[in-house]
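Student: One predicted model, sequence on top.
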Amino acid sequence: MTDVRRHIPRTDVLLGEPRLAKAVDDLGRDLVKSAVTAAQNRARAGEIAPEAVVEEAVASLPTSASSLREVLNATGVLVHTNLGRAPLSAAALKAVRTAGGSTDVEFDLTDGRRARRGRGALDALARALPEVGGVDGVHVVNNNAAALLLCALVLAPGKEIIISRGELVEIGDSFRIPDLVTSAGARLREVGATNRTRLSDYTDALGPDTGFVLKVHPSNFRVTGFTSQVPVSRLSRLDVPVVVDIGSGLLRPHPRLPDEPDAATALAAGADVVTASGDKLLGGPQAGLLFGDHALLRRLRRHPAARALRVDKLTLAALEATVRGPEPPVRRFLDADVDALRARAERIATVLTRRGVDAKAVSTTAAVGGGGAPGVELPSAAVSLSEDYAPRLRLGEPAVVGRVERGRCLLDLRTVEPEEDERLVEAVSRCMS
């Protein structure tokens, strides 16, 4: 009898098949060849027929040349660090595509000369925060930790940075504020106690070796009870620069987050430099934002480390579009109407129940996440499924990540765009087979 393996198409023949040839142009030869080889091996093992090799190879191709997979965030955590923090707006994504080619990021098309890098993003931030008095009061680096590092390098080399003991925070992945600033050659001078710090604690610590006073918002925990901290308005009366790390990136106060610090308020209270993240409540790409005194920011921009910490053209494009463009997803999630969320949950649960899924609409609470607004609970609504759906949804296409509570998998709709509801329904339905 003829060995069926003789009928398995050769690799060069398969790579010449129109769909696979186009995939080579889109994904690269190595990825497509790997998919072809895997399909051939399945045919040799008798798992599929030789004539099914092409379809198997095409079906197994990734959607892009990147190993990153799209995820529907149904966790109810608005700024989920493990899922990439803030999702970009459609305007920001379009700007990134434009910036992918050659752009005028550092070039003036009018006179053909070199121009200030990222001037569009700086101008957008300056217009959104007029308290800084123009683009000279704004600088952008690659994340908020880099912003603090640059401040330490420029304002306190070999000097002391005064900070309250209650603000010696760990910022994630075991990185801590003390380790960060001391790596720049500065020394930390801790004042006060974990729960209470007074203005006199700062004034007693001031001396010729003081570089600046650092105030850090403890954004991922709360200290309650017998507590007191010194506000920026009082620290600004000290005869040294005051650097305020507000963390989550609010430019102005938000009614749902009354205790979350914002850049405008900190600047109005007298902060010399305010640092913040771009990929949290601002809703943009990862970036470290610095606002404040023009002379101090000029020193920060001119330090040699500023070039090592600068952002690329894709980040600048996304940041500008986030600030100038329509409301980004994170802000829509934050402002979502809970009645509308409940109505969506009811509709989805009804559809899934008709398809034989044990689905219920339930009330729940969402969170800001990303080290922002600790303790703030946002009323929300979710679709409740049996717990065994959680791993199947994570491995589906698209991947769906919810959270498991009390033996149920909850798909929280506060972090799911309404136009994604149908995809969510189909993802759950596919898990049944």
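Tutor: Noted; the coordinates are in hand.
Student: how is the chain carved up into domains?
Tutor: With domains defined by automatic domain parsing, the chain comprises 4-59, 71-84+332-430, 90-327.
Student: Any chance of the ones you listed in TSV with mean neighbour count and distance to residue 65 as columns?
Tutor: All C-beta atoms are positioned from the backbone trio N, CA, C, and that covers glycine. Formatted as TSV, the domains of the chain follow (neighbours: other C-beta atoms under 10 Å; distance: least, C-beta to C-beta, whole Å):
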stretch	mean neighbour count	distance to residue 65
domain 4-59	15	5
domain 71-84+332-430	18	17
domain 90-327	18	14
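Student: can you put these in JSON lines and add mean pLDDT?
Tutor: What follows is the domains of the chain, written out as JSON lines (pLDDT from 0 to 100):
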{"stretch": "domain 4-59", "mean pLDDT": "92"}
{"stretch": "domain 71-84+332-430", "mean pLDDT": "95"}
{"stretch": "domain 90-327", "mean pLDDT": "92"}
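Student: The residue nearest to the spatial centre of the chain: what secondary structure?
Tutor: Geometric centre of the chain, nearest residue: residue 85, 2.5 Å, by C-alpha atoms, centre = their mean. Put simply, residue 85 is coil when judged by DSSP: H, G, I helix; E, B strand; the rest coil.
Student: Which residue ranges of the stretch 201-350 of the chain form helices?
Tutor: Secondary structure of the stretch 201-350 of the chain (DSSP state H, counting those that start in this stretch): helices at 232-235, 263-268, 294-302, 305-308, 313-324, 329-335, 338-354.
Student: Could you work out which of the ones you listed reaches nearest to residue 33?
Tutor: With C-beta to C-beta as the criterion, residue 33 lies closest to helix 313-324 of the helices of the stretch 201-350 of the chain, at 29.3 Å.
Student: I'd say residue 341 and residue 381 touch.
Tutor: Yes. If you go by C-beta atoms under 8 Å, residue 341 and residue 381 touch, sitting 4.0 Å apart.
Student: My guess is the residue nearest to the centre of the chain contacts residue 278. True?
Tutor: No. Using C-beta under 8 Å, residue 85 is not in contact with residue 278, being 9.3 Å away.
Student: any idea of the pLDDT on residue 66?
Tutor: pLDDT for residue 66: 88.
Student: Next, count neighbours for it.
Tutor: Using other C-beta atoms under 10 Å, residue 66 is surrounded by 8 other residues.
Student: Phi and psi next, for it.
Tutor: Dihedral angles of residue 66 (phi, psi; degrees, to the nearest 10) stand at phi -90, psi 150.
Student: Quick check: closest non-adjacent residue to residue 51.
Tutor: Distances taken as C-beta to C-beta, 6 or more residues apart in numbering put residue 7 closest to residue 51, at 7.5 Å, once the chain neighbours are dropped.
Student: State the distance from the one you found to residue 283.
Tutor: Distance, residue 7 to residue 283, using C-beta to C-beta, to the nearest Å: 55 Å.
Student: cool, and residue 364?
Tutor: In terms of C-beta to C-beta, residue 364 sits 23 Å off from residue 283.
Student: Verify the stated contact: residue 75 with residue 403.
Tutor: Yes. Here residue 75 reaches residue 403: they are 5.1 Å apart, a contact under C-beta under 8 Å.
Student: between those two, what contacts are shared?
Tutor: Contact criterion C-beta atoms under 8 Å, 6 or more residues apart in numbering; residues shared by residue 75 and residue 403: residue 412.
Student: now the top strand by length along the chain against helix 338-354, angle please.
Tutor: For the chain, the longest strand by residue count, based on DSSP state E, is strand 378-386. On the basis of axes from the mean of the first three to the mean of the last three C-alpha atoms, to 10 degrees, strand 378-386 is oriented at 10 degrees to helix 338-354.
Student: What's the first helix or strand after strand 378-386?
Tutor: Sequence order places helix 389-394 as the next helix or strand after strand 378-386, per DSSP states H and E.
Student: what packs against that following helix?
Tutor: strand 399-401, strand 408-412, helix 421-430 (3 or more C-beta pairs under 8 Å, 6 or more residues apart in numbering; DSSP states H and E).
Student: now the ones you listed as CSV including distance to residue 62?
Tutor: What follows is the helices and strands packed on helix 389-394, written out as CSV (distance: least, C-beta to C-beta, whole Å):
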stretch, distance to residue 62
strand 399-401, 13
strand 408-412, 25
helix 421-430, 18
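Student: so what's residue 26 up against?
Tutor: Contacts for residue 26 (C-beta under 8 Å, 6+ apart) come out as residue 65.
Student: Look at it and give its secondary structure.
Tutor: At residue 26 the chain is in helix, as set by three-state DSSP.
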